[in-house]
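Colleague: Build me a model:
(one chain, ligands or ions: 2)
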Amino acid sequence: MIDGVLLKGYGGFYYVYGEDRVWECSLRGRFRIKDQEFLPGDRVTILPKEEENKGTIESVAPRRNELTRPPIANVDQAILVFAMTSPKPDLNLLDRLLIQAADSDIEPIIVFTKVDKYQETVLQGAPNLYELTEDYRKIGYTVFEVSSKTGQGIPEIGDRLKNKISVLAGPSGAGKSSLVNALSPGKELKTGQISSKSKRGRHTTRHVELMVCSGGLLADTPGFSSLLLPEMKRAELADYFPEFADFLGGCRFNSCLHDKEPNCVIKAALEEGRISPVRYEHYLLYLKEVIEAERKY
Ligand SMILES: Nc1nc2c(ncn2[C@@H]2O[C@H](COP(=O)(O)OP(=O)(O)OP(=O)(O)O)[C@@H](O)[C@H]2O)c(=O)[nH]1
Ligand SMILES: [Zn+2]
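Modeller: Ligands and ions are numbered 1, 2, ... in the order given. Predicted coordinates:
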């Protein structure tokens, strides 16, 4: 038996990555009967057949989590890709993605791209934004600054992908595809090579799949396309701001939402410069949305 991860289902077969290769698998009868729905990312065991790189899926492990966009199981981390410049990083989107990742129990990794371009603009007199990356680092997030053009920081991200299932997210033009290309300079095993050989289903819509990248698995479709915050109670929002944690519990009112209440430790921390004004502004913005959404259910 071989342990593997399902990359994709296609044309009645399931492609499983295990022991550094891709296995074309069929399902055992009992799965077919139950009409088990598999997702890329499902951890399976396969029994190899006599034919090379073919097998049957014998069992599937319970899922740790399940993302809907894209539909992938057992996602370990979300690589949140934002350009340092052009387009200017949309921190409101970044902070929303950080909340969505936390809600799905997925570790966020912030990647600021186009550092090469950014350095040029600083040389030309643009304000230095490195504080921005430091702000997120101070909160405790993992932050990388990279250039897909010069290769700066790319190996470090490659290391983070190893043995993990990752999903990319971030606005259009941030440099997601360029990052993937920089991470896999042509040598990687691409599952697309299998599907292009298969005649069946050539015209069917393309499904989401995991690809092998830097010794890990990466969804080929970016995730978290919705801006909506997860369903929560208004009192829970502060828990999604890790930098509030040190202060929580110290407000005058137990029910403090850190908005207009007197003697609020969060606002005190803000005034002392221990909480970033932009992050606090986003907190208030999301608080309104959460309260608005609460009324609807
Ligand atoms: N100078 C520089 N340009 C980059 C870098 N990364 C991406 N770009 C450029 O930025 C533009 C957008 O990059 P993409 O990789 O297509 O961005 P994307 O996030 O995949 O965009 P969508 O496909 O729209 O979601 C392209 O013109 C890239 O060449 C970088 O590190 N440095
Ligand atoms: Zn408070």
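
Colleague: so how far is Lys114 from Gly12?
Modeller: Computed as CB to CB, to the nearest Å, the Gly12 to Lys114 distance reads 42 Å. For glycine as for every other residue, the C-beta is placed from the backbone atoms N, C-alpha and C.

Colleague: Those two: who's more crowded?
Modeller: Between Gly12 and Lys114, counting by other CB atoms under 10 Å, Lys114 is the more crowded of the two (25 against 10).

Colleague: ok, now which ones touch the nearest residue to Ala126 once chain neighbours are set aside?
Modeller: Residue nearest to Ala126 in three dimensions, not counting chain neighbours: Thr85, with 7.4 Å by CB to CB, 6 or more residues apart in numbering. The contact partners of Thr85, by CB atoms under 8 Å, 6 or more residues apart in numbering, come to 114, 117-118, 121, 126, 129.

Colleague: Highest neighbour count among these?
Modeller: Lys114 (25 neighbours).

Colleague: Wait, that one touches Phe82, no?
Modeller: No - using CB atoms under 8 Å, Lys114 is not in contact with Phe82, being 9.3 Å away.

Colleague: Would you point out which residue is most central in this structure?
Modeller: For the chain, the residue sitting closest to the mean C-alpha position, by CA atoms, centre = their mean, is Ala78 at 1.7 Å.

Colleague: Is that one part of a helix or strand, or is it coil?
Modeller: Using DSSP: H, G, I helix; E, B strand; the rest coil, the structure places Ala78 in strand.

Colleague: Could you measure from it over to Lys296?
Modeller: Distance from Ala78 to Lys296, counting by CB to CB: 27 Å.

Colleague: partners of Ser26 in the sheet?
Modeller: Residues in a beta bridge with Ser26, per DSSP bridges, are Thr56.

Colleague: For burial, what's the neighbour tally of Glu150?
Modeller: No, residue 150 isn't Glu; it's Thr. When neighbours are defined as other CB under 10 Å, Thr150 has 12 of them.
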